[in-house]
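Undergrad: based on what follows, work out the 3D shape:
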Amino acid sequence: MSGTNRLTRFALIAACCVVIAYAAGRPLRAQQLAATFFTLLDGNNDGALTRDEMQAAFDKWYTQWDAAKSNALAPEQVFMGVATAFPPPPPGDAPPQNRTPRADDVTAMMAALPDSAPAKPKQPRKVLVLARAAGFVHSSIPLAARTIEEIGKKTGAWSATTTYDAADINDANLKQYDAIFLASTTGFFLDDPKDAAATAARRKALLDFVRGGKGLAGIHAASDAYHRNSRASGAGGGAINFQVIPVVMQIMTGDSNHDTRLSREELASVAGAWFDKLDPGKTGRIARADFPQRFAAVPPPPTPAAPGGGRGGGNGQAAATDLGPDAEVGAWPEFNTMIGGFFKFHWNDGQTITVKIDDPSNPVNAPFKGQEYVIVDETYTFSRNTYSRTNLHVLTSIDYAKMSAEDKAKEQNPRPDGDYALSWIRREGKGRVFYEAHGHNEKIYANKLILQHVLAGMQYALGDLAADDSPSSK
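TA: Presented below is the predicted three-dimensional model:
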């Protein structure tokens with residue numbers, strides 16, 4: 001998750017569920033959130049909040065967030081506004097990760113596993129699956145890790161070990177492995193915010209591992225790492241203050257006409273309704289000491305209907321609100337180049353994408369038999385400041401010509417070149433890198449074509465499957 005583009009209405013809902021569960025287990029965090037919110041609202045800093053102060057704070061925020069004076073804020077604008085108003089999150093303070101995939105997802109994945117590997121391993125291979133997310137935590141991470149384990153077991157192409165501990169990326173431990181697989185590793189996933197030396201050692205270990213002749217593969221949010229939005233405060237590359245999401249969700253309940261936009265009048269109504277709930281005694285003042293408990297008692301917003309209706313097409317996504325150049329910048333350029341690019345925008349899960357086979361003769365693309373295919377998932381685009389065919393051998397990409405004008409218009413900071421790669425390989429020193437952009441939704445891991453593609457990409461990264469990895473453009 002990153003920048004103004006990463007938090008759409010339905011992504012906010014999913015993330016809110018994670019954070020509310022997290023807050024339930026971490027009451028101190030919820031109290032800190034409420035205490036900070038009170039400070040932002042208490043305009044005269046007298047330790048008591050009045051209705052006028054709450055209304056004035058919301059009105060001031062609306063003016064700041066609505067730079068275009070459209071009187072129609074999108075959910076992602078509200079999120080970035082709130083995230084900017086609140087202080088940055090404590091470094092590394094991401095929600096806890098579930099490490100167990102759902103049984104029915106595992107069953108579906110097992111049924112879709114490839115029968116055999118396209119290449120015979122040159123020697124027994126070992127893969128380390130890193131499943132740590134330091135930013136947005138995808139629910140599919142444990143399934144992605146299990147998938148790599150099971151592909152290796154069934155085909156004999158490798159054996160795999162999964163870790164959620166970034167400390168396992170060290171020279172001594174990595175000697176036993178032939179490749180690392182990054183399972184949607186968002187944010188600054190290797191970093192220890194309290195130990196600069198450990199962070200530097202882990203980063204160096206990863207680069208040395210690959211450049212020395214080993215392999216690196218990543219799926220989906222492995223590219224949503226080590227970047228930030230230069231126009232936004234706080235950390236980036238997935239290191240977003242998820243603790244504010246419940247506040248954002250409550251604010252978006254003010255969308256009374258259900259157009260996925262929030263007007264100034266609707267936000268003012270939210271402020272008034274909140275104050276009524278927070279001041280049950282109708283005293284007109286809320287003391288600082290009372291605010292956290294009362295704020296925690298405000299009921300969570302109802303879960304809206306699934307995407308389908310409304311403005312912006314069938315995936316619940318509205319038209320873009322920012323059409324200027326993207327402002328994403330890399331936070332670790334060597335990794336950004338090695339993985340091939342970093343996240344800029346996504347079409348919501350539910351978006352139908354036609355996937356073009358850019359190099360039909362490449363053995364990593366053999367499962368597709370030269371035929372385009374259709375996929376429904378959350379589909380990434382990449383910052384044009386880093387992604388380039390001069391750096392990558394592109395395997396598959398979005399068939400942009402087959403996307404409707406309405407769907408194209410959903411992209412924030414649209415690419416002017418219409419170039420949207422989805423999977424690629426590349427050389428990094430003596431090593432090899434494979435990346436596949438899909439893999440957000442658990443159903444992707446029951447897609448036989450994708451699993452065969454990942455198997456072939458992994459064997460390329462391991463050095464067992466020879467493939468043309470020269471840049472697609474000179």
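Undergrad: hang on, S423 is in a strand, isn't it?
TA: Yes - counting by DSSP: H, G, I helix; E, B strand; the rest coil, S423 falls inside a strand.
Undergrad: Y460 versus that one, what's the distance?
TA: Separation of S423 from Y460 (Cβ to Cβ, to the nearest Å): 11 Å. Using the backbone N, CA and C atoms, a C-beta is placed for each residue, glycine as well.
Undergrad: shared neighbours, these two?
TA: Shared contacts of S423 and Y460 (Cβ atoms under 8 Å, 6 or more residues apart in numbering): V364, F434.
Undergrad: pLDDT below threshold where in the protein?
TA: 1-30, 88-95, 231-243, 299-316 (pLDDT under 70).
Undergrad: care to break it down by domain?
TA: Listed by automatic domain parsing, the domain ranges of the chain are 9-87+237-296, 103-231+327-462.
Undergrad: what's the end-to-end length of stretch 328-347?
TA: 17 Å (Cα to Cα, to the nearest Å).
Undergrad: buried sites along it?
TA: 328-332, 335-347 (16 or more other Cβ atoms under 10 Å).
Undergrad: filter the residues you listed down to just the ones in strands.
TA: Of these, the ones assigned to strands by DSSP state E are E328, V329, G330, F343, K344, F345, H346, W347.
Undergrad: and the residues you listed, which is closest to S472?
TA: K344 (19.2 Å; Cβ to Cβ).
Undergrad: quick check: the closest one touching S383?
TA: Yes - counting by Cβ atoms under 8 Å, K344 touches S383, with 4.4 Å between them.
Undergrad: list residues touching both of these two?
TA: Contacts common to K344 and S383, judged by Cβ under 8 Å, 6+ apart, are D326, E328.
Undergrad: please, where are all the helices along this structure?
TA: Along the chain, counting by DSSP state H, helices occupy 9-25, 27-41, 51-65, 75-85, 103-111, 141-155, 171-174, 196-211, 245-252, 264-278, 291-296, 333-339, 405-408, 448-462.
Undergrad: of all those, which one comes closest to Y387?
TA: helix 333-339 (9.3 Å).
Undergrad: other residues contacting that closest one?
TA: So helix 333-339 is contacted by 182, 203, 206-207, 210, 216, 218, 222-223, 225-227, 330, 342, 386, 391, 428, 433, 435 (Cβ under 8 Å, 6+ apart).
Undergrad: ok, 6 Å please
TA: L207, G218, S223, Y226, G330, F342, T386, E428 (Cβ atoms under 6 Å, 6 or more residues apart in numbering).
Undergrad: one more: stretch 448-463?
TA: Outside stretch 448-463, the residues that touch it by Cβ under 6 Å, 6+ apart are 112, 114, 118-119, 125, 151, 157, 178-179, 215, 217, 364, 367, 425, 432, 434, 436, 444, 465, 467.
Undergrad: now, which of the residues you listed lie within strands?
TA: Among the contacts of stretch 448-463, DSSP E puts A179, G215, A217, I425, R432, F434, E436 in strands.
Undergrad: so what's the fifth one bridging to?
TA: In this case it means R432. G215, R427 (DSSP bridges).
Undergrad: what about it, how many neighbours?
TA: Applying other Cβ atoms under 10 Å, we find 25 residues neighbouring R432.
Undergrad: equivalent analysis for the last one, please.
TA: The tally of other residues near E436 (other Cβ under 10 Å) stands at 23.
Undergrad: check the fourth one too.
TA: When neighbours are defined as other Cβ under 10 Å, I425 has 26 of them.
Undergrad: who's in contact with it?
TA: H393, F434, Y460, D469.
Undergrad: can you do 8 Å?
TA: Contacts of I425 by Cβ under 8 Å, 6+ apart are 364, 392-393, 395, 432-435, 457, 460-461, 467, 469.
Undergrad: got it, and the last one?
TA: Contacts for E436 were tallied using Cβ under 8 Å, 6+ apart; they are G218, I219, H220, L422, S423, I450, H453, V454, G457.
Undergrad: adding distance to I375 and neighbour count, write these out as a markdown table.
TA: Shown next, in a markdown table, are those (distance: Cβ to Cβ, whole Å; neighbours: other Cβ atoms under 10 Å):
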| residue | distance to I375 | neighbour count |
| --- | --- | --- |
| G218 | 18 | 26 |
| I219 | 14 | 30 |
| H220 | 12 | 29 |
| L422 | 9 | 23 |
| S423 | 11 | 25 |
| I450 | 8 | 24 |
| H453 | 11 | 25 |
| V454 | 13 | 28 |
| G457 | 16 | 28 |
